[in-house]
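Engineer: using only what follows, build the 3D model:
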Amino acid sequence: WLSPLADVLARCNKDSQNLFAEALIKRMGYDVTGAQGSWGTGAHALRVFLGDRLGPDSAIIHISDGSGLSRKNQVTARVLVELLQVMIKDQPLGSIYLQSLAVGGIDGTLKKRFSRSLVGTVHGKSGYINGVSTLSSGPTVAKPVVRGLHSERVLILDNGVQQEGQQWGGEHAPEIDPFA
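Structural biologist: Residues are numbered from 1 along each chain as shown. Below is the predicted model:
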């Protein structure tokens, strides 16, 4: 008996159940390599998947575990945004992926995170390890607009650094650290 991929992804993304993410990466490792599922075989399977979708940009991603809790996991904001864009366009995976994300003010880990004006408009995956908090979003975001560039997706990675002028406005979000 196997759980449908959509159910497993919803547990990983919407509900942020890290055990499901760890099991998923190991299962991916088994399916791709035929060897016993492990973080190593799972990381290999994920690198193959990412390489097929991102090409050479995937080379800078370092995968250490399935949940993202390891500080050894590494990805740049640019590549993460690129991956989100590619995933949404990749059908049927894009629809499954989008439905697996929490909806701000409605369900999952984002149920209590957005004001009334944003309820139902933000699809995302939250994440937290000590000192680092993230929120990556889906394609229904209308605001905030980062640096005045109108786009469907917003990604802010904040490593606990307070930036000057970090205030939200109608046309912009806090400045983005060019060194991140």
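
Engineer: OK, contacts around V32?
Structural biologist: V32 is in contact with T41, H44, A45, V48, counting by C-beta atoms under 8 Å, 6 or more residues apart in numbering. (Glycine included, C-beta is placed from N, CA and C.)

Engineer: for T33, same thing?
Structural biologist: T41, H44, A45.

Engineer: circling back to that earlier point, just the buried members of the contacts of V32?
Structural biologist: Buried by 16 or more other C-beta atoms under 10 Å: T41, H44, A45, out of these.

Engineer: helix, strand or coil for the closest residue to N73 other than its chain neighbours?
Structural biologist: In this structure, N73 finds its nearest non-sequential neighbour in S64, 5.0 Å apart by C-beta to C-beta, 6 or more residues apart in numbering. Secondary structure assignment for S64 (DSSP: H, G, I helix; E, B strand; the rest coil): coil.

Engineer: was I right to think S64 contacts S70?
Structural biologist: Yes: S64 lies in contact with S70 (C-beta atoms under 8 Å); the separation is 4.0 Å.

Engineer: quick one: the helices in this structure?
Structural biologist: Under the criterion DSSP state H, helices of the chain are mapped to 5-13, 18-33, 39-54, 77-89, 93-100.

Engineer: outside of the shortest one, which residues touch it?
Structural biologist: Put plainly, it is helix 93-100. 5-6, 9-10, 12-14, 87-88, 90, 123, 138-139.

Engineer: buried subset of these as a ChimeraX selection?
Structural biologist: The following ChimeraX line selects those of the contacts of helix 93-100 that are buried, judged by 16+ other C-beta under 10 Å:
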select :9,10,12,13,14,87,88,123,138,139
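
Engineer: would you turn the contacts of V32 into a markdown table with pLDDT and distance to T109?
Structural biologist: Shown next, in a markdown table, are the contacts of V32 (pLDDT from 0 to 100; distance: C-beta to C-beta, whole Å):
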| residue | pLDDT | distance to T109 |
| --- | --- | --- |
| T41 | 96 | 28 |
| H44 | 95 | 29 |
| A45 | 95 | 25 |
| V48 | 95 | 28 |
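
Engineer: out of those residues, who's nearest G105?
Structural biologist: Taking C-beta to C-beta as the measure, A45 is the one of the contacts of V32 closest to G105, at 34.4 Å.

Engineer: please give me every residue in contact with that closest one.
Structural biologist: Shown in contact with A45 (C-beta under 8 Å, 6+ apart): I25, M28, G29, D31, V32, T33.
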